[in-house]
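any chance you can model this:
(chains A and B)
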Number of protein chains: 2
Amino acid sequence: MSRILYDLAGADPERRFSPFCWRSRLALAHKGLAVETIPWHFTEKEKIALSGQGLVPVLVDDGRVVHDSWAIACWLEEEYPNRPLLFGGAGGRAMARFLNSWADGVLHPGVARLVVADIASLLAPADQAYFRESRERRFGMTLEQVVAERERSVEGFRRDLLPLRLTLRAQPWLGGEAPNYADYIVFGAFQWARVCSPFPLLAADDPVAEWRSRMLDLFGGLARATPGHDL
Amino acid sequence: MSRILYDLAGADPERRFSPFCWRSRLALAHKGLAVETIPWHFTEKEKIALSGQGLVPVLVDDGRVVHDSWAIACWLEEEYPNRPLLFGGAGGRAMARFLNSWADGVLHPGVARLVVADIASLLAPADQAYFRESRERRFGMTLEQVVAERERSVEGFRRDLLPLRLTLRAQPWLGGEAPNYADYIVFGAFQWARVCSPFPLLAADDPVAEWRSRMLDLFGGLARATPGHDL
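Numbering: from 1, shown residues only, chains lettered A, B, ... in the order given. Below you'll find the model as predicted:
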């Protein structure tokens, strides 16, 4: 029985920065499932061709290939129903879709606008041209121009975290009394920023920062042990 | 056994426009619980003094007084566990807090900036001065100034609905295959706008509009039967 996760890495293979891969790594840890993570680079499409597409995370779980962080979470919940639940029932699974959509549609674009120029310099040489060209086309400007105003634009980013902040005032984790997949969805974005960039996303007195610190400590400090910037 | 809900109303007692009261009305319908709704006006604080505070919804369920829409939903789920679940388990209850926070922190302020001037004209005379004075203080301008640019500012409102739109592309209801309290939280804001204002919040081809239409039809058209603007 083997379990492998293809995990986006920089030039330093220990620098794992994909927010989507972090969702899957924390989901696996939540289930108490050991996994071998294989560092993967943007341009190594052939290495994950077995998944029929070109993006990570890709999980190979005893021969079964699952790609896409949402599909991986659902696979783990269905395949290992007697281990700690990721969603906490059918309602949680449905509502986690909304958190996933908020993360993908609001949180990730906000983080990208603050740190995208820092990502390029971490990448393996073969990935750098791919990354810069694809992202500059997406933003319609150079990566340096995207982040040029970040000291000011971070204020808007912090305002956009209001739903997260209000929730964390009412309960310790997005999952309630204990963390679950809702927390992993959202934390992935903060870990992405931490691994890539020294830029401070959060004010020190933000309740979101306190939650992020607790997230970094989970599972024996799994996320904190990954090379990145101190928080 | 009696069950009463104090429900915010305009000068026309049938015009029920509180987004928070709609959360509770749909939660009661979901549980299949009959309720007598009592029209209530902002300035009738003494009528709900039994709740120890001055806001609706207030539920009086066989003598037990519960106020605040979130507390009412939790009360109904705990008191009537054998009826259809509002949250779909512990995970759903925890994650519904995030939807609640998104509705309160993003959706409601967005709706208010588009329709708040229309609300004032619906109110009972005694409420009008209270409403105008308290809301104009909150916005720092007249109600007419708040909505003056709405033909243009509605574009930003529609962009802010992206997490909702992405979720409804993936599944028919926020609750998954069937509606649950996640849907009632978010729909309350749209019903609030529909009862108060002719202003079109959504483009006709927005998937959110299609979901809103299905929400209006739930429970024998409970929300659609309330006086408001055609959608």
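
what about A:Arg137, neighbour count?
A count of neighbours around A:Arg137, defined by other Cβ atoms under 10 Å in any protein chain shown, yields 9. From N, CA and C alone the C-beta is placed, and that goes for glycine too.

could you measure from it over to A:Tyr130?
Distance, A:Arg137 to A:Tyr130, by Cβ to Cβ, to the nearest Å: 11 Å.

now the strands for chain A?
Ranges of strands within chain A are A:3-8, A:36-40, A:58-61, A:64-67, based on DSSP state E.

contact residues of chain A facing chain B?
Residues of chain A lying near chain B by Cβ under 8 Å from any Cβ of the partner chain: A:85, A:87-102, A:104-106, A:162-167, A:170-171, A:173-177, A:180, A:182.

now with 6 Å?
A:87-92, A:94-95, A:97-99, A:101-102, A:105, A:162-163, A:166-167, A:170, A:175-176, A:182 (Cβ under 6 Å from any Cβ of the partner chain).

is it true that A:Val115 touches A:Arg194?
No - assessed by Cβ atoms under 6 Å, A:Val115 is found out of contact with A:Arg194, at 9.5 Å.

closest to A:Leu122 out of the strands of chain A?
Closest approach to A:Leu122 among these is made by strand A:3-8 (10.6 Å; Cβ to Cβ).

quick one, domains of chain A?
With domains defined by automatic domain parsing, chain A comprises A:3-79, A:90-219.

make JSON lines out of the ones you listed and add mean pLDDT and distance to B:Ala203.
Formatted as JSON lines, the domains of chain A follow (pLDDT from 0 to 100; distance: least, Cβ to Cβ, whole Å):
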{"stretch": "domain A:3-79", "mean pLDDT": "98", "distance to B:Ala203": "27"}
{"stretch": "domain A:90-219", "mean pLDDT": "97", "distance to B:Ala203": "17"}
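
wait, which of these is closest to B:Gly63?
domain A:90-219 (27.7 Å).

start and end of that closest one, how far apart?
Taking Cα to Cα, to the nearest Å, domain A:90-219 runs 25 Å from one end to the other.

now find how far off-centre it is within its chain.
For domain A:90-219, the separation from the chain centroid amounts to 8 Å (computed by Cα atoms, centre = their mean, to the nearest Å).

could you dump the strands of chain A into CSV and include mean neighbour count?
Formatted as CSV, the strands of chain A follow (neighbours: other Cβ atoms under 10 Å in any protein chain shown):
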stretch, mean neighbour count
strand A:3-8, 20
strand A:36-40, 17
strand A:58-61, 23
strand A:64-67, 16
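
need those strands in CSV (columns: distance to B:Val186).
CSV is the format used below for the strands of chain A (distance: least, Cβ to Cβ, whole Å):
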stretch, distance to B:Val186
strand A:3-8, 33
strand A:36-40, 37
strand A:58-61, 32
strand A:64-67, 30
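
which of the ones you listed sits closest to B:Ile4?
Between B:Ile4 and these, the shortest separation by Cβ to Cβ is 50.8 Å, and it involves strand A:64-67.

for the closest one, C-alpha coordinates in CSV please.
Provided in CSV are the C-alpha atoms of strand A:64-67 (Å, rounded to 0.1, in the frame of the first residue of the first chain):
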residue,chain,number,x,y,z
ARG,A,64,-6.1,5.0,-7.5
VAL,A,65,-5.3,8.4,-9.1
VAL,A,66,-7.3,11.5,-7.9
HIS,A,67,-6.6,15.0,-8.9
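
other residues contacting that strand?
A:Leu50, A:Ser51, A:Gln53, A:Val58, A:Leu59, A:Ile72, A:Trp75 (Cβ atoms under 6 Å, 6 or more residues apart in numbering or on different chains).
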